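> return a 3D structure for these sequence lines:
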Amino acid sequence: MESIILFDGVCNFCNSGVQFIIKRDSNFHFKFASLQSETGQMLLNKYGISNKIDSMIVIENEKVYIKSSAALRISKYLDGNWKYLTIFKFLPTFFRDFLYDILAKNRYKWFGKMDTCMLPALEMKKRFLD
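Numbering: from 1, shown residues only. Sure thing, here's the model as predicted:
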């Protein structure tokens, strides 16, 4: 079983997050698509997700995870101690998402924004959906 992560392809923080995940996903559990890509837009449409959503999205077994639930879902599959972040699932979703939203709303201001989506290096290209 593999999961798909949809991310903001012009966000520096989001792109750094994708690189972070790739380095710690030795089982190749995740595939990636930017929200701005044709594949990203098709998946948003398929799952009835607004294209105005301000979140990283995980799609796994036809189920959609957004905001802090997506982040915790990702951590579950990463190498090292990152899987232990799932203990924060005990916190109420509204509280976790409140913290997530602060970062999401300020990500361009704090980390910057690119004019175009990142192009993956050749060795990583197989991890990205066209």
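
> what helix or strand is residue 9 located in?
Under the criterion DSSP states H and E, no helix or strand holds residue 9.

> may I ask which helix or strand encompasses residue 99?
With DSSP H and E as criterion, residue 99 is part of helix 93-111.

> now do that helix: which elements does it pack against?
helix 12-24, helix 67-75 (3 or more Cβ pairs under 8 Å, 6 or more residues apart in numbering; DSSP states H and E). In short, each C-beta sits where N, CA and C put it, glycine included.

> I'd like the mean pLDDT over stretch 69-87, please.
Average pLDDT, stretch 69-87: 92.

> return the angle between stretch directions for the helix holding residue 99 and helix 12-24.
Relative orientation of helix 93-111 versus helix 12-24 (axes from the mean of the first three to the mean of the last three Cα atoms, to 10 degrees): 110 degrees.

> quick one: average pLDDT of helix 93-111?
pLDDT averaged over helix 93-111 gives 80.

> what's near enough to touch the spatially most central residue of the chain?
The centroid of the chain falls nearest to residue 56 when counting by Cα atoms, centre = their mean (3.8 Å). Residues near residue 56 by Cβ atoms under 8 Å, 6 or more residues apart in numbering: 5-8, 14, 17, 66-67, 70-71, 74.

> any idea how far residue 56 is from the closest residue to residue 9 other than its chain neighbours?
Counting by Cβ to Cβ, 6 or more residues apart in numbering, residue 34 is the residue found nearest to residue 9 once chain neighbours are left out, at 2.8 Å. Look at residue 34 and residue 56: by Cβ to Cβ, to the nearest Å, they are 11 Å apart.

> quick revisit: distance to residue 82 for the helices and strands packed on helix 93-111 - can I get that in JSON lines?
Converted to JSON lines, those look like this (distance: least, Cβ to Cβ, whole Å):
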{"stretch": "helix 12-24", "distance to residue 82": "6"}
{"stretch": "helix 67-75", "distance to residue 82": "5"}
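
> what's the most buried one of these?
helix 67-75 (a mean of 21; mean count of other Cβ atoms under 10 Å).
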